[in-house]
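Peer 1: need a 3D model of the following:
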Amino acid sequence: MANEITIYTDGAASGNPGPGGYGVVLVSGKHRLEKSGGFRLTTNNRMELLAVITGLEALKKPGSRVVVYTDSRYVADSVTKGWVFQWEAKGFRKKKNPDLWIRFLKVYRQHNVKFVWIKGHNNHPENELCDRMAVEASRRDGLPEDTGYTPDNDNDELFNDQMI
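Peer 2: Coordinates of the predicted model:
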């Protein structure tokens with residue numbers, strides 16, 4: 001069926017925090033796209049979430065039917081159990097990665113997205129590929145800064161002066 005897309009994702013960090021990367025594979029019919037990227041200091045959860053965001057942002061047609069396969073309970077459960085929507089209603093107060101969750105929700109709402117959690121490192125070919133891409137991306141020279149990650153801020157709050 002037209003506009004059905006499967007997205008496989010994975011994120012990695014060498015140390016947490018440490019250098020990190022993400023890998024994404026998008027498949028729709030005969031079309032395939034692989035994307036990866038990395039940062040010099042980030043966390044595994046940020047890279048897991050950024051992998052999903054990058055996959056969804058690569059879609060050209062709003063309203064696409066999408067199935068996201070992830071081995072991240074953090075990402076899958078946050079969406080399927082509705083936690084992220086509760087965090088959003090509370091302005092992401094005292095929640096980690098608000099910059100990425102806001103970015104995620106913007107692109108998530110443009111499509112019909114279903115999440116499927118899969119066990120990591122369980123010989124799933126596309127998940128294993130995403131893992132390799134994420135690890136390779138985390139090892140590249142000259143990695144950029146993850147401007148949304150602030151290691152000195154345990155709460156990862158969105159603004160310097162906290163919201164009302």
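
Peer 1: and the most centrally placed residue in the chain, what does it touch?
Peer 2: With distances taken as C-alpha atoms, centre = their mean, residue 49 lies nearest the centre of the chain, 2.0 Å away. Going by C-beta atoms under 8 Å, 6 or more residues apart in numbering, residue 49 touches 11, 72, 74-75, 97, 100-101, 104. Any C-beta I mention is one placed from the backbone N, CA and C, and that applies to glycine too.

Peer 1: widest-spaced pair of those?
Peer 2: The span of the contacts of residue 49, defined through C-beta to C-beta, is set by 11 and 101 at 14.5 Å.

Peer 1: which of the contacts of residue 49 has the most neighbours?
Peer 2: Among the contacts of residue 49, residue 11 has the most neighbours (other C-beta atoms under 10 Å), with 32 neighbours.

Peer 1: surely that one is in a strand?
Peer 2: Yes - assigned with DSSP: H, G, I helix; E, B strand; the rest coil, residue 11 falls within a strand.

Peer 1: how far away is it from residue 93?
Peer 2: Here the criterion is C-beta to C-beta, to the nearest Å. By it, residue 11 lies 24 Å from residue 93.

Peer 1: before we move on, what about residue 120?
Peer 2: Residue 120 is 30 Å from residue 93, where distance means C-beta to C-beta.

Peer 1: so where is this protein shaky, pLDDT-wise?
Peer 2: 1-3, 152-164 (pLDDT under 70).

Peer 1: in it, which spans are helices?
Peer 2: All helices of the chain, identified by DSSP state H, fall at 44-57, 73-80, 83-89, 98-108, 125-138.

Peer 1: need those in JSON lines (columns: distance to residue 38).
Peer 2: Formatted as JSON lines, the helices of the chain follow (distance: least, C-beta to C-beta, whole Å):
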{"stretch": "helix 44-57", "distance to residue 38": "8"}
{"stretch": "helix 73-80", "distance to residue 38": "18"}
{"stretch": "helix 83-89", "distance to residue 38": "24"}
{"stretch": "helix 98-108", "distance to residue 38": "15"}
{"stretch": "helix 125-138", "distance to residue 38": "4"}
